[in-house]
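> predicted model, plus sequence, below.
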Amino acid sequence: MDDNSIMVADGGDFVATAAYVTRPRGPLMWLDPGPFGTLGVGGGFALGAKLVRPDADIWLIWGDGSAGYSLMEFDSFQRHKTPVIALVGNDACWSQIHRDQVEILGSGISCMLEYSDYDKAVTAFGARGIKLTRKDQVGLKDAFKDAIKSSRQGQSVLINALIGKTDFRKGSISV
């Protein structure tokens with residue numbers, strides 16, 4: 001990731017975990033919905049960031065639940081020639097909610113999602129979709145380089161990373 005990269009974070013568990021391992025390149029280089037969990041702002045934040053900083057690589061870090069709120073912004077990205085790179089951490093679950101709901105209520109009802117093909121959905125708007133699975137770990141670096149290249153050439157990219165579930169954040173307070 002270059003020094004001019006801006007990260008837009010929109011999601012629950014995946015984004016909170018990403019916050020542990022990613023490092024913004026400077027002030028105003030990390031945008032997120034804040035402590036109240038206003039999911040769905042990612043697409044609009046990414047569009048605004050690209051309009052204000054057209055020279056920057058914009059990385060939209062989405063959980064699979066939050067991607068559902070503003071995935072249609074890929075139409076805007078393509079139509080207005082404001083390319084971004086989205087990384088969806090797809091664990092087919094509202095994991096941040098599921099973890100506590102099961103512990104407190106004994107049921108994970110309404111928390112389970114599907115391993116949706118977000119990578120295919122964005123192609124309807126002329127964007128590029130890439131699906132990564134556990135088998136693709138060897139080519140991970142090349143996939144990210146390829147996404148950056150496509151974005152710099154004017155095409156938005158969505159990387160749909162199929163991930164497993166984890167208890168990494170168990171016991172953390174979700175505000």
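Yep, that arrived.
> contacts and neighbour counts: CA atoms only from here.
Will do.
> and the helices in the chain?
For the chain, the helices defined by DSSP state H cover 13-21, 42-52, 64-70, 73-79, 95-105, 118-121, 140-152.
> who's the residue positioned nearest the centre of the chain bridged to?
Residue closest to the average C-alpha location in the chain (C-alpha atoms, centre = their mean): Trp62, at 2.0 Å. Assessed by DSSP bridges, Trp62 has beta-bridge partners Asp10, Val88.
> now it: how far from Gly106?
Applying C-alpha to C-alpha, to the nearest Å, the value for Trp62 to Gly106 is 27 Å.
> and Ala18, by the same measure?
Counting by C-alpha to C-alpha, the separation of Ala18 from Gly106 is 28 Å.
> dump the residue contacts of Ile97.
Contacts for Ile97 (C-alpha atoms under 8 Å, 6 or more residues apart in numbering) come out as Cys111.
> how close does it sit to Cys111?
Distance from Ile97 to Cys111, counting by C-alpha to C-alpha: 7 Å.
> out of Ala18 and Gly106, which sits in the busier spot?
Set Ala18 next to Gly106 and count neighbours by other C-alpha atoms under 10 Å: Ala18 wins out with 16 against 10.
> report pLDDT for the more buried one.
Note for Ala18: predicted pLDDT of 79.
> cool, and Met1?
On the pLDDT scale, Met1 gets 83.
> same check, this time on Phe36
In this model, Phe36 is scored at 70, pLDDT.
> go on, the one 10 residues further on?
Reported pLDDT at Ala46 in the predicted model: 97.
> what is the neighbour count of it?
28.
> hang on, isn't it packed against Ile58?
Yes. Assessed by C-alpha atoms under 8 Å, Ala46 is found in contact with Ile58 at 6.5 Å.
> name the residues contacting each of those two.
With C-alpha under 8 Å, 6+ apart as the test, Ala46 and Ile58 both reach Val8, Val84.
> who's in contact with the closest residue to Asp75 other than its chain neighbours?
Excluding its sequence neighbours, the residue lying closest to Asp75 (C-alpha to C-alpha, 6 or more residues apart in numbering) is Phe125, at 5.2 Å. Residues near Phe125 by C-alpha under 8 Å, 6+ apart: Phe74, Asp75, Gln78.
> which sections of the protein are below the confidence cut-off?
For the chain, the stretches flagged by pLDDT under 70 are 37, 165-175.
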